[in-house]
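K.L.:
requesting a structural model of the entry that follows:
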Amino acid sequence: MPIQRDFLEYHKSIAMELQATKNRVQYLIGSNHWPTDGQHKEAVLRKVLGGHIAETFHVGTGFVCGQNETSHQIDILISSRDKPILFEDGELRIITPDMAVAIIEVKTRIQGRGELKDFLEKLAHDANMIRTSGNQQCIAGLFIYESYDGGLERILSIVQNVTNGDENRVINYIAAGPDIFVRYWPEGDEVNSNAQGSVWHGYDLRDLAHAYFINNIVWDTCPHLNPNMQPFWFPIVGGKENCREWYVGLNDPAEPTRF
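P.N.:
Just a heads-up that it's a prediction; the model follows:
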């Protein structure tokens, strides 16, 4: 009997592969040498992204040098291949802001509201430096391997708080474990949002959050793709907007609201 194509299960398998691969080092070393284990998890995600993203981009790690400051070390730095590089050694790159395509922070787990806020503050700071240097298109994302117990409402509240109404500090995507996904929409009208203007939507994607994080990065770094190709990358029938649960506007004075 022929095997039927199933893009939904294919993308779920990407998330399962990420989880299985990131566990292998932990099985071998236990709770020791966590810095090494953390670097391994970053490398796993870099490899997956590198296998899908357009070949015009480099997927590595490194720093972005602005005119007055340098970014923190960025776990995953996606940069252009068609511009000069300040420094390169293997996966490590030091680049100017105009080369930055996406900056991604990778964490195994998040424990508590304060830790999540610290990580998002760091990411927002680096995004702001790059964008105020003239590169408004740079994407910023936070990828967390394990589930976050605080829930969607808290994530949205914190990401709005650290942005402080400044588009240059916006975090575009958050995957918090296999189920929770957050996406920023510059215009809520694009997706029939309940909020006017810029808004984050929080989704319960059930084993697809990691795959949707990766696929949104891949898709949005190539803005001229044929929209008819979206079902190959985003296989939820009817679209992920059917799975949205909470939202909060960029300049909304209220707390996140349930759809």
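
K.L.:
contacts only, for the closest residue in space to T96 that isn't next to it in sequence.
P.N.:
Leaving aside its sequence neighbours, T96 sits nearest to C65 (Cβ to Cβ, 6 or more residues apart in numbering; 6.1 Å). C-beta coordinates here come from the backbone N, C-alpha and C atoms, glycine included. Shown in contact with C65 (Cβ atoms under 8 Å, 6 or more residues apart in numbering): 71, 86, 94-97.

K.L.:
mind doing that once more with 7 Å?
P.N.:
86, 94, 96 (Cβ atoms under 7 Å, 6 or more residues apart in numbering).

K.L.:
middle-most residue in the chain, spatially?
P.N.:
G141 (3.0 Å; Cα atoms, centre = their mean).

K.L.:
send me the helix or strand harbouring A20 as PDB with only the CA atoms.
P.N.:
For A20, the host element (DSSP states H and E) is helix 7-29. The C-alpha trace of helix 7-29 is given here as PDB (Å, rounded to 0.1, in the frame of the first residue of the first chain):
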ATOM      1  CA  PHE A   7       3.000  17.500   5.600                       C
ATOM      2  CA  LEU A   8       1.600  17.900   9.000                       C
ATOM      3  CA  GLU A   9       3.300  14.800  10.300                       C
ATOM      4  CA  TYR A  10       6.500  15.800   8.500                       C
ATOM      5  CA  HIS A  11       6.700  19.100  10.400                       C
ATOM      6  CA  LYS A  12       5.900  17.400  13.700                       C
ATOM      7  CA  SER A  13       8.800  15.000  13.000                       C
ATOM      8  CA  ILE A  14      11.200  18.000  12.700                       C
ATOM      9  CA  ALA A  15      10.200  19.000  16.300                       C
ATOM     10  CA  MET A  16      10.600  15.400  17.500                       C
ATOM     11  CA  GLU A  17      14.000  15.200  15.900                       C
ATOM     12  CA  LEU A  18      15.100  18.400  17.600                       C
ATOM     13  CA  GLN A  19      14.000  17.000  21.000                       C
ATOM     14  CA  ALA A  20      15.600  13.600  20.400                       C
ATOM     15  CA  THR A  21      18.900  15.100  19.300                       C
ATOM     16  CA  LYS A  22      19.200  17.600  22.100                       C
ATOM     17  CA  ASN A  23      18.700  14.800  24.600                       C
ATOM     18  CA  ARG A  24      21.600  12.700  23.400                       C
ATOM     19  CA  VAL A  25      24.300  14.700  25.100                       C
ATOM     20  CA  GLN A  26      22.300  15.000  28.300                       C
ATOM     21  CA  TYR A  27      22.000  11.200  28.400                       C
ATOM     22  CA  LEU A  28      25.800  10.900  28.200                       C
ATOM     23  CA  ILE A  29      26.900  13.600  30.500                       C
END
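
K.L.:
give the next helix or strand downstream of that helix.
P.N.:
helix 34-50.

K.L.:
give me the distance from that next one to the chain's centre.
P.N.:
14 Å (Cα atoms, centre = their mean, to the nearest Å).
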